[in-house]
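A.B. asks: Predicted model, plus sequence, below.
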Amino acid sequence: MAEMLTGVCGGTVALVLLLAFAGHLRAPRALPAALAAQRVVPSPLRWPVAAAVIALEGTLGAATCYAVPAGRPHTLALAAAGAAVLFAVYAGYGLYVLRTRPSVPCGCATGPGGDTPMSGWVAGRAAVLALASLVAATGAAPAHGTHTALAVLASVVFAVLLSLLPQAMFDPERQAA
């Protein structure tokens, strides 16, 4: 059972990172624009920070996505640990932005309707993904066979739910009030 949990957590993290990477490639100006609206990163550093974040998401997502089905525990541990750090930074940054400028875009680029405003759901999702990354990094080696198929299916479901969560929970009427 521990092997399956590792596979589900690793697969979910990989898919969310790859969805975010694809979203940023689809809309390359969205993240720098969100960073400008958030006014935390200095202007000369916005594009380099955005490029580094996008590259990290793609690299960590691809490495985790490779390690889970290939049964590479060391690669999974390294990639998932990196993802845990990245998501922990996202959670802390999200909470900071939420306290200082709550209505700015989050810069996530994972939902179908574009960027959503920063909310507790964005920071909470990042914290959940950091925890899932830790489970994947420290868990048993992912199992093969039927467990792999179940882990892939569960990972797809969780990744889609976590990617859509902030937009699904956004209420424009409540935001305006």
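C.D. replies: Here it is on my side, so go on. Just so it is clear, the structure is predicted and the values come from calculations on it, not from any experiment. Residues are numbered from 1 along each chain as shown.
A.B. asks: could you measure the nearest residue to Arg101 once chain neighbours are set aside against Leu17, distance?
C.D. replies: Once flanking residues are discounted, Arg101 sits nearest to Gln38: 5.9 Å by Cβ to Cβ, 6 or more residues apart in numbering. In short, each C-beta sits where N, CA and C put it, glycine included. Distance, Gln38 to Leu17, using Cβ to Cβ, to the nearest Å: 21 Å.
A.B. asks: Equivalent analysis for Ala2, please.
C.D. replies: Distance from Ala2 to Leu17, by Cβ to Cβ: 22 Å.
A.B. asks: where does the protein dip in pLDDT?
C.D. replies: Filtered on pLDDT under 70, the chain yields the residue ranges 110-115, 142-147, 166-177.
A.B. asks: Tell me who's in contact with the residue nearest to Gly107 when sequence neighbours are not counted.
C.D. replies: Among residues not flanking Gly107 along the chain, Ala34 sits closest, at 3.1 Å (Cβ to Cβ, 6+ apart). Contacts for Ala34 (Cβ atoms under 8 Å, 6 or more residues apart in numbering) come out as 104-107, 115.
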